[in-house]
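Colleague: Sequence first, predicted coordinates after that:
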Amino acid sequence: MFGIALRYGISLEALKTANPDVNPYFMGVGTQLLIPITPTPMLATPTPQTPQPTAEATSTAVLSLQTDCYRDAAGGVICFVLAQNLSEKPIENPTALVTLSGVSTEYSQTQTAILPLNLLPAGAALPLVTYFQAPTPEQFTATAKVDFWLPVPEEDTRYLEISLADLQTEIIEDSRSAEIRGQVALADPTKQPGAIWLLATAFTQDGRVAGIRRWEAPQPIPASQSIPFNFTVYSMGPEIVRVEVSAEARTPLE
């Protein structure tokens, strides 16, 4: 479901909400999904309680963006937008508008980049991602600007505290991939999670995003024991020098 949400420039939660009867872990060929073409949550902007600067100025003050794009063998372009939360509170569902322009052509397209997780913690930097379908120009430039984000409500209970143990990252062979393994566990084993996600972000020597990979805990998720994980993140081209892993757990969707 994440790949479909990414392709249509909507959030994963919006796609799940539009298809409450579809189990994302048991989808197969022929499964029909309702795509929310104009999802209200993606278009809404936070409503200020007191007079504030313009929405664009406020968004810029909350998020900083770094754009790294790569052309693949199929002629498409994938763009990672490293978004850093500059505020002192977590934010939810940040998005960015990415414009891909040809250097010597009239090609210009703008798409929405979304976060593979829901939360961007205070001070943290995580990649938003979007993919431009072929054909795309061989030489291009890419820019990104903040599009949307939501403040996490006070006393929010949708997210569960989670921890990683025995985390190991091993960069493999020609530094174009890295293996990540370890265990993940809930801080409170009495609370049943609806989903547990890990996001591995591979970085180059100069701090660019080289690739990402999201891992999901298989269902049903045991709340009272650690869950082992082992997966690989691949680079879109440059050498990987380090990998950062972020974790998120959510209560079951109602």
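Modeller: Yes, it's here. Numbering: from 1, shown residues only.

Colleague: switch to C-alpha atoms for all contacts and neighbour counts from now on
Modeller: Noted.

Colleague: doesn't A5 fall inside a helix?
Modeller: Yes - under DSSP: H, G, I helix; E, B strand; the rest coil, A5 sits within a helix.

Colleague: so what's it up against?
Modeller: Under the criterion of CA atoms under 8 Å, 6 or more residues apart in numbering, the neighbours of A5 are 11-12, 15.

Colleague: now do E179
Modeller: E179 touches 169-172, 230-233, counting by CA under 8 Å, 6+ apart.

Colleague: now with 6 Å?
Modeller: Contacts for E179 (CA atoms under 6 Å, 6 or more residues apart in numbering) come out as 169-170, 231-232.

Colleague: Could you list which of those belong to helices?
Modeller: Using DSSP state H, no member of those falls within helices.

Colleague: Mind giving me the ChimeraX select for these, buried ones only?
Modeller: Buried members of the contacts of E179 can be picked out in ChimeraX with the line below, counting by 16 or more other CA atoms under 10 Å:
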select :169,232
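
Colleague: Closest to L198 out of the contacts of E179?
Modeller: Distance to L198 across those (CA to CA) is lowest for F231, with 10.1 Å.

Colleague: Can you give me the distance of that closest one to Q183?
Modeller: Distance from F231 to Q183, counting by CA to CA, to the nearest Å: 12 Å.

Colleague: cool, L82 as well?
Modeller: 26 Å.

Colleague: same check, this time on R213
Modeller: Distance, R213 to Q183, by CA to CA: 17 Å.

Colleague: Let me see the contact set for the closest residue to Q225 other than its chain neighbours.
Modeller: Distance criterion CA to CA, 6 or more residues apart in numbering; nearest residue to Q225, sequence neighbours excluded, is A185 at 6.5 Å. Shown in contact with A185 (CA under 6 Å, 6+ apart): 162-163, 226.
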